[in-house]
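A.B. asks: the sequence and its predicted three-dimensional model are supplied below.
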Amino acid sequence: MFKTTSNYSPIMNTYSRLPLSIQKGKGTLVWSDDNEEYLDFTSGIATCNLGHCPSEVEKALTEQLSQIWHTSNLYHVPKQEELACLLTEKTCFDQVFFCNSGAEANEAAIKLVRAFANKNGDKQANMVTFQQSFHGRTLATVAATGQEKIKSGFEPMPEGFIHLPYNDFDSLETIKDMAPTAVMLELLQGEGGVVPANPDWVKRLSDICKENGILLIVDEVQTGMGRTGSLFLYEQYHLEPDIMTLAKGLGSGFPIGAMLAKEEVALAFFPGMHGSTFGGNPLASTAGMTTLNVICEPEFLNKTGEQSRLLLSELERFQEEFSFIKEIRGIGMLLGLEISGNAVDLVKLALEEKLLILTAGPNVVRLLPPLTVSEEEVNSFVQKFTKVLQKFREVHHG
Ligand SMILES: Cc1ncc(COP(=O)(O)O)c(C=O)c1O
């Protein structure tokens, strides 16, 4: 365990960490520095979608390590081009910009939208986003995020963002008068409490965008790469967005982000307008390509679907037994339980049972198992979580 004195740590004070140091991981399991085994239903916050240290990615990265690690984007990067080809083949987009994180992918999307508006003589380039959304921690993505607690302390905010209520039909009708350049949304809000978008609402939003020449951006940083049962969630909503952002699951834990766009929008960028030293370097692109290939293997997502249905049915059983579980929400392997009580308390009780889960806001417990989770591991989760819920009831609702 990392030693700190009571008042001093060389790490800046930005995280409230739980008392656990993880040294090793394989699949759904991780081991602490004192060699205790934990069942990990967080996947590094929807990142290790193939579980920890997946052998295919490990092998490809090991091979790449002996070839070349990094060259910069001064030169062609063949692995990056291969990954871009694969991503455009699997989606409705034509071109990709690579970066290193979700915030950077959204930052790139915001810049592309502004470049597109400027190119078309529009100097306003406003963007509509939604309340309770989360789009990242850079200044522009904080401004895009629809949560005051994320913005607080960092004022003044960059301008040009309008936040509307999520899943609210009436406010959609105000969009055409605002004439924004783009609308950006998560089709399933992750950090904002595991809240799926209503399909009829999304259909109306998409129609308004189409009818009024407004770009539609889907932030699939958390929902992408198979997390919700399809490769990308926009497929389930039958959408054809103009821009999509990715990160998290794309590299199986190796940092990589991507912003994908339709060609007519992507062409607003020209050399020198945007860039990233590391973006899409050979190691990151190798991790991305291998991960994508595994998720696209026949049957991969079908098996995930079986386990997510099993997990959901177990959660529904819990809801019948434990009245403090108010609602179960989510899609595929991005599930949330709204509880009456403090979600952090429940996460701490789970840690005592050697089960890793996380929160999504003050009263939502979030479950993000790897897409490779087995039936035995779902059963092991059920055993551990039963004890956690019993303890929570004793302590908080006894
Ligand atoms: C929907 C969404 N967008 C953007 C981000 C920011 O990603 P990153 O932490 O990689 O910058 C996150 C992170 O949780 C996210 O869930």
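C.D. replies: Structure's in. What do you need?

A.B. asks: what pLDDT is listed against the closest residue to the ligand within the stretch 251-398 of the chain?
C.D. replies: Relative to the ligand, the nearest point of the stretch 251-398 of the chain is residue 257 (6.5 Å; CB to the nearest ligand atom). (C-beta placed from N, C-alpha, C; glycine too.) What the model reports for residue 257 is a pLDDT of 98.

A.B. asks: next, count neighbours for it.
C.D. replies: For residue 257, the neighbour count with other CB atoms under 10 Å is 29.

A.B. asks: that one against residue 96, yeah?
C.D. replies: No: judged on CB atoms under 8 Å, residue 257 makes no contact with residue 96 at a distance of 10.4 Å.

A.B. asks: and the stretch 51-200 of the chain, which residues reach the ligand?
C.D. replies: 101-103, 106, 134-136, 186, 190-191 (CB under 6 Å from any ligand atom).

A.B. asks: which of the residues you listed has the largest number of neighbours?
C.D. replies: Within those, neighbour counts (other CB under 10 Å) peak at residue 135, which reaches 32 neighbours.

A.B. asks: residues in contact with it?
C.D. replies: Contact partners of residue 135, counting by CB atoms under 8 Å, 6 or more residues apart in numbering, are 102-103, 106, 129, 141, 144-145, 184, 186, 219.

A.B. asks: how about a markdown table for those residues, with distance to residue 332 added?
C.D. replies: Output for the contacts of residue 135, formatted as a markdown table (distance: CB to CB, whole Å):
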| residue | distance to residue 332 |
| --- | --- |
| 102 | 18 |
| 103 | 23 |
| 106 | 22 |
| 129 | 23 |
| 141 | 25 |
| 144 | 25 |
| 145 | 24 |
| 184 | 22 |
| 186 | 14 |
| 219 | 17 |
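
A.B. asks: what about the residues you listed, which are in helices?
C.D. replies: 102-103, 106, 141, 144 (DSSP state H).

A.B. asks: and the residues you listed, which is closest to residue 121?
C.D. replies: Each of the ones in helices among the contacts of residue 135 was checked against residue 121 using CB to CB; the closest is residue 144, at 23.2 Å.

A.B. asks: and the gap between that closest one and residue 268?
C.D. replies: 18 Å (CB to CB, to the nearest Å).

A.B. asks: so between those two, which is more surrounded?
C.D. replies: It is residue 144, of residue 144 and residue 268, that has more neighbours when counted by other CB under 10 Å, with 30 against 18.

A.B. asks: contact partners for that one?
C.D. replies: So residue 144 contacts 106, 110, 127, 129, 133, 135-136, 161, 184 (CB under 8 Å, 6+ apart).

A.B. asks: mind listing what's buried along stretch 88-100?
C.D. replies: For stretch 88-100, a neighbour-count test (16 or more other CB atoms under 10 Å) marks 91, 93, 95-100 as buried.

A.B. asks: ditto for stretch 213-229
C.D. replies: 214-229.

A.B. asks: now, those that are in helices?
C.D. replies: Going by DSSP H, the helices hold none of the buried residues of stretch 213-229.

A.B. asks: what about the closest residue to residue 113 other than its chain neighbours, neighbour count?
C.D. replies: Nearest non-adjacent residue to residue 113, counting by CB to CB, 6 or more residues apart in numbering: residue 182, 4.5 Å away. Counted with other CB under 10 Å, residues neighbouring residue 182 total 24.

A.B. asks: ok, now which ones touch residue 182?
C.D. replies: By CB under 8 Å, 6+ apart, the neighbours of residue 182 are 113, 127-128, 214-217, 242-243.

A.B. asks: which ones are touching the residue in the chain that the ligand sits nearest to?
C.D. replies: The chain approaches the ligand most closely through residue 102 (2.3 Å), counting by CB to the nearest ligand atom. Counting by CB under 8 Å, 6+ apart, residue 102 touches 135-136, 219, 221-222, 245-248, 257.

A.B. asks: taking the residues you listed one by one, which sit in strands?
C.D. replies: Those of the contacts of residue 102 mapping onto strands are 219, 245-246, 257, per DSSP state E.

A.B. asks: my read is that residue 354 contacts residue 383, right?
C.D. replies: No: with contacts counted by CB under 8 Å, residue 354 stays clear of residue 383, the gap being 11.0 Å.

A.B. asks: so between these two, which is more surrounded?
C.D. replies: Ranked by neighbour count (other CB under 10 Å), residue 354 and residue 383 place residue 354 first, with 17 against 11.

A.B. asks: pLDDT score for the nearest residue to the more buried one once chain neighbours are set aside?
C.D. replies: Using CB to CB, 6+ apart and skipping residues adjacent in sequence, the residue nearest residue 354 is residue 38, 4.7 Å away. Each residue has a pLDDT score; the one for residue 38 is 98.

A.B. asks: what strand or helix carries residue 38?
C.D. replies: Assessed by DSSP states H and E, residue 38 sits inside strand 37-40.

A.B. asks: run through the neighbouring helices and strands of that strand.
C.D. replies: Packed against strand 37-40, as judged by 3 or more CB pairs under 8 Å, 6 or more residues apart in numbering; DSSP states H and E, are the following elements: strand 29-32, strand 355-356, helix 375-397.

A.B. asks: possible to save those as JSON lines with distance to residue 310?
C.D. replies: Listed next are the helices and strands packed on strand 37-40 as JSON lines, based on distance: least, CB to CB, whole Å:
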{"stretch": "strand 29-32", "distance to residue 310": "19"}
{"stretch": "strand 355-356", "distance to residue 310": "17"}
{"stretch": "helix 375-397", "distance to residue 310": "5"}
